[in-house]
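**Q** I'll drop the sequence and a predicted model, then ask my questions.
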Amino acid sequence: MDDYPALNVFWSMLWFFLWIMWLFLLFKIVTDIFRDHEMSGWGKAGWLIFVILLPFLGVLVYVIARGKGMTQRDVKAAKENEAALQDYIRKTAATPAAGGSHVDELARLVELKDKGALSEAEFQQAKAKLLT
């Protein structure tokens, strides 16, 4: 450990984490380039080439030039995902579960039997038909 003092460990860790953060930012920018539906295909190709050939400068220029739009597209995508999830929940909650309709039908049969509209034999026959 004497050959690699604590300050060198700190600097190595710092550079490693900065490199990881830069990679995340690079991937975020590449996905944002493809997510933007308002940008033409040539514009996407140009930004992609710029970000790949001159990565540090390309990422910096992209964040400066289109950073606000990145945030707006992220918010829009999050709202669309939330709306889709809420719509799915509403549709799923509106339809009765597979066993839910059987339970309702069985409750209706018990109510008819209690009122005397069904005899015990008719109730048993309807119940057996419902449960099979």
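**A** Looks like it came in fine. Just so we're clear, the structure is a prediction, and the values are computed from it rather than from any experiment. Numbers count the residues shown, from 1 in each chain.

**Q** which outside residues touch the lowest-mean-pLDDT helix or strand in the chain?
**A** Lowest on mean pLDDT, DSSP states H and E among the helices and strands of the chain sits helix 100-115, with a mean of 81. With C-beta atoms under 8 Å, 6 or more residues apart in numbering as the test, helix 100-115 has contacts from 96, 118-120, 123, 126-127, 130-131. Glycine gets a C-beta too; all of them are placed from N, C-alpha and C.

**Q** the residue nearest the centre of the chain: which element?
**A** Residue closest to the mean C-alpha point of the chain, counted by C-alpha atoms, centre = their mean, is residue 81 at 6.1 Å. Element membership for residue 81 (DSSP states H and E) is helix 55-94.

**Q** which strands and helices sit next to that helix?
**A** In this structure, helix 55-94 packs against helix 6-35, helix 41-53, with contacts taken as 3 or more C-beta pairs under 8 Å, 6 or more residues apart in numbering; DSSP states H and E.

**Q** could you dump those to a markdown table with mean neighbour count?
**A** Output for those, formatted as a markdown table (neighbours: other C-beta atoms under 10 Å):
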| stretch | mean neighbour count |
| --- | --- |
| helix 6-35 | 12 |
| helix 41-53 | 13 |
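
**Q** now render the ones you listed as CSV, adding mean pLDDT and distance to residue 68.
**A** Converted to CSV, the helices and strands packed on helix 55-94 look like this (pLDDT from 0 to 100; distance: least, C-beta to C-beta, whole Å):
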stretch, mean pLDDT, distance to residue 68
helix 6-35, 92, 12
helix 41-53, 94, 15
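
**Q** turn the ones you listed into TSV, including distance to residue 77.
**A** What follows is the helices and strands packed on helix 55-94, written out as TSV (distance: least, C-beta to C-beta, whole Å):
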stretch	distance to residue 77
helix 6-35	7
helix 41-53	17
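
**Q** which one, of those, ends up nearest to residue 90?
**A** helix 6-35 (26.6 Å; C-beta to C-beta).

**Q** returning to that earlier point: buried ones in the least confident helix or strand of the chain?
**A** 109, 113 (16 or more other C-beta atoms under 10 Å).

**Q** that concludes my questions; thank you for your assistance.
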